[in-house]
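Visitor: Attaching a predicted model along with its sequence, questions to come.
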Amino acid sequence: MARALRGDEASAALLSDARARIAALGFVPHLHVIRLGEDPASVSYVRLKDKRAKELGLKSTVHALAEETTQADLLSLIEALNSDSDASGILVQLPLPRHVDETRVLEAIDPLKDVDGFHPVNVGRLWSGGDALPPCTPQGVIAMLRHYDVDVAGKSVVIVGRSNIVGKPLAALLLRANATVTVAHSRTPNLADVTRGADVLLVAVGRKHLVTPDMVKPGAVVVDVGNTWERLPDGKSRVFGDVRPDVGEVAAALTPVPGGVGPMTVAQLLANTVSAAELQRKAEVTP
Ligand SMILES: Nc1nc(=O)c2c([nH]1)NC[C@@H]1CN(c3ccc(C(=O)N[C@@H](CCC(=O)O)C(=O)O)cc3)C=[N+]21
């Protein structure tokens with residue numbers, strides 16, 4: 001059986017480092033999360049972020065706005081938080097309702113407060129090697145691999161999925177770590193032939209159990225970024241990954257869902273909130 005790469009275990013180092021950096025700052029960073037509407041997954045993720053932020057000792061405010069909130073009102077809130085020195089980090093939970101232009105909203109956030117790392121300035125710096133706030137899930141995956149001593153340098157790494165949130169930034173981070181990176185997606189013919197070449201396989205598509213054991217090289221490390229919610233006959237909701245659990249019979253190591261990448265994403269968000277506070281302080285003293 002594959003080794004389980006556990007998010008609770010791997011995030012401990014990230015969180016204790018964040019705690020020490022908060023103490024060194026001399027003030028408590030403040031995370032602001034904005035959510036529109038009542039999509040059950042968004043409500044539950046935002047609640048988790050708020051809870052973990054407070055457990056770490058950060059200040060955390062959730063702005064739960066109506067689904068019908070206008071783009072202009074959302075932009076005014078973001079501008080108010082941009083100029084509020086007590087707001088260290090701003091996150092707008094995605095997906096947004098259809099009447100709101102996601103690009104406009106993400107570009108309105110001050111890059112130094114952009115704890116999601118989605119602003120074009122942070123995306124550009126991520127690819128060119130500058131001082132960027134990295135996106136939480138991809139950087140959380142890197143922290144996970146580092147914690148379990150998975151060295152990607154010189155390895156054949158395959159990412160399935162090319163989203164702006166996970167696949168593309170993950171490619172940037174893995175290139176920086178000297179991996180040979182292949183990005184596969186829905187238009188890749190013979191996906192299994194590509195995934196079978198991977199020493200490290202990362203799957204971020206959002207389709208339940210897309211990856212089966214025949215698609216995985218024996219001994220590979222497999223990271224499952226999938227989160228598909230399903231309501232079961234008993235009325236309870238459960239979350240499923242993109243990787244079928246029996247992949248654990250061929251892989252050397254596998255991240256479980258839940259309990260793998262998800263907790264790393266949240267821990268990285270908190271670490272980014274501390275980084276944002278540090279960057280803002282640096283910008284104040286060096287005009
Ligand atoms: N602006 C923005 N930034 C995001 O980072 C963002 C977003 N929008 N929209 C949705 C996705 C999804 N996402 C997750 C966060 C935590 C878990 C997580 O902790 N999952 C638990 C299970 C869920 C639970 O226990 O409630 C686990 O895998 O163990 C998963 C997924 C962040 N996202």
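Guide: Here it is on my side, so go on. Predicted model, so just to flag it, every value in this text is computed and none were measured.
Visitor: Contacts only, for the residue of the stretch 1-150 of the chain found nearest the ligand.
Guide: Among the residues of the stretch 1-150 of the chain, residue 94 lies closest to the ligand, at 3.7 Å counting by Cβ to the nearest ligand atom. Where C-beta positions appear, they are placed from N, C-alpha and C, glycine not excepted. Neighbour list for residue 94: 102, 165 [criterion: Cβ atoms under 8 Å, 6 or more residues apart in numbering].
Visitor: What does it show for phi and psi?
Guide: Torsion angles at residue 94 (phi, psi; degrees, to the nearest 10) stand at phi -110, psi 150.
Visitor: Then residue 210?
Guide: Recorded main-chain torsions at residue 210 are phi -60, psi -40, according to degrees, to the nearest 10.
Visitor: Can you read off the pLDDT for it?
Guide: Per-residue pLDDT puts residue 210 at 98.
Visitor: again, but for residue 287
Guide: Model confidence at residue 287, given as pLDDT, is 62.
Visitor: What of residue 139?
Guide: 98.
Visitor: Near the closest residue to it other than its chain neighbours, how many residues? Count them for me, please.
Guide: Leaving aside its chain neighbours, residue 139 sits nearest to residue 268 (5.0 Å; criterion: Cβ to Cβ, 6 or more residues apart in numbering). Other residues within reach of residue 268 by the criterion other Cβ atoms under 10 Å amount to 28.
Visitor: Can you verify residue 218 is assigned to a strand?
Guide: No: membership of residue 218 in a strand is not supported by DSSP: H, G, I helix; E, B strand; the rest coil, which gives coil.
Visitor: can you tell me how far it sits from residue 183?
Guide: Note on residue 218: its distance to residue 183, by Cβ to Cβ, to the nearest Å, is 23 Å.
Visitor: of these two, who's got more company?
Guide: Under the neighbour definition other Cβ under 10 Å, residue 218 and residue 183 were set side by side, and residue 183 has more, 18 against 10.
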